[in-house]
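> Give me the fold of what follows.
(chains A and B)
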Amino acid sequence: GAVVSQHPSWVICKSGTSVKIECRSLDFQATTMFWYRQFPKQSLMLMATSNEGSKATYEQGVEKDKFLINHASLTLSTLTVTSAHPEDSSFYICSARRVQDNSPLHFGNGTRLTVT
Amino acid sequence: AQSVTQPDIHITVSEGASLELRCNYSYGATPYLFWYVQSPGQGLQLLLKYFSGDTLVQGIKGFEAEFKRSQSSFNLRKPSVHWSDAAEYFCAVGALAGTASKLTFGTGTRLQVTL
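Residues are numbered from 1 along each chain as shown, chains lettered A, B, ... in the order given. As a prediction, this is how the structure comes out:
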């Protein structure tokens, strides 16, 4: 159980376009999901905390107008990279946690974004 | 502020040899500690976690870790490494209450296994 699905697994887009990444908790409800960014051979950096039915909480230095997060239901959060630039190319990973217990975060398989 | 240090960026071990990956943390309260493994181009898989109780925790794939409060450490061990264990390993610290559920990750240790 506790499966987190992330889609797409990889995407290539042109500069100036927007890309949407979906994160779904398949077999549990997650009122909170987290979006991380990982640069090559580096650790995961938390970008934002996505709260169902309310605005996301962004970490310092993360542009909320560039990285739009929507958590419309208990099983789905989306991250939209708006007006993408090559420097946005990265590996984006979402995670979610069941709220019923002290279970740890479960991670999706990530999305490799390449902006050309 | 919480932080995690993984002193070893890269470790190479022979298949069948024992393994220990180091992790030191800084946290203002009782920490929740985790070890995750990441294969290239993949997400993270939880190996094990420590919340409370027995300081030696067992995880999947034959891994274990020991929480040592006096040393602020949570080192990961495996008695006999398999070639399939080659991956990136991340130690993480955090809390699980409400918005404090976010984790802080170490920079990772890349494990290479030679045959």
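> Tell me which residues touch A:Leu44, please.
With contacts taken as Cβ atoms under 8 Å, 6 or more residues apart in numbering or on different chains, A:Leu44 has the following neighbours: A:Tyr36, A:Arg37, A:Gln38, A:Ile93, B:Leu44, B:Phe90, B:Phe105. Quick note: C-beta positions are derived from backbone N, CA and C, even for glycine.
> So for the third one, what's the pLDDT?
According to the model's per-residue confidence, A:Gln38 sits at a pLDDT of 90.
> can I get the contacts of A:Leu44 in TSV with neighbour count and distance to B:Ile11?
Putting those into TSV (neighbours: other Cβ atoms under 10 Å in any protein chain shown; distance: Cβ to Cβ, whole Å) gives the following:
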residue	neighbour count	distance to B:Ile11
A:Tyr36	26	24
A:Arg37	20	25
A:Gln38	22	20
A:Ile93	25	23
B:Leu44	28	19
B:Phe90	25	14
B:Phe105	23	17
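> Specify which member of these is nearest to B:Pro31.
B:Phe105 (13.3 Å; Cβ to Cβ).
> now the helices for chain B?
Remark: helices of chain B are absent; assignment by DSSP state H.
> ranges for the strands of chain A?
Assigned by DSSP state E, chain A shows strands spanning A:4-7, A:10-13, A:19-25, A:32-38, A:44-51, A:57-58, A:67-73, A:76-81, A:90-96, A:106-107, A:111-115.
> Lowest average pLDDT across the ones you listed?
The minimum mean pLDDT among those belongs to strand A:106-107 (a mean of 86).
> Relative to it, what are the paired strands and their orientations?
If you go by DSSP bridges, strand A:106-107 pairs up with strand A:90-96 (antiparallel).
> and the angle from the strand it pairs with to strand A:32-38?
Going by axes from the mean of the first three to the mean of the last three Cα atoms, to 10 degrees, strand A:90-96 is angled at 160 degrees with respect to strand A:32-38.
> Can you list the neighbours in contact with strand A:90-96?
A:4, A:6, A:21, A:23, A:25, A:28, A:30, A:32-40, A:44, A:47, A:77, A:79, A:105-113, B:41, B:43-44.
> For the residue nearest the centre of chain B, which non-adjacent residue is spatially closest?
Against the mean C-alpha coordinate of chain B, by Cα atoms, centre = their mean, the closest residue is B:Trp35 at 3.1 Å. When the adjacent residues along the chain are set aside, B:Trp35 lies closest to B:Leu47, with 4.4 Å between them (Cβ to Cβ, 6 or more residues apart in numbering or on different chains).
> Neighbours of that neighbour, how many?
Residue neighbour count, defined by other Cβ atoms under 10 Å in any protein chain shown, stands at 23 for B:Leu47.
> isn't it right up against B:Phe63?
Yes: with the criterion set as Cβ atoms under 8 Å, B:Leu47 and B:Phe63 qualify as a contacting pair; they are 5.0 Å apart.
> intersection of neighbour lists for these two?
For the pair B:Leu47 and B:Phe63, residues contacting each of them under the criterion Cβ under 8 Å, 6+ apart are B:Trp35, B:Leu76.
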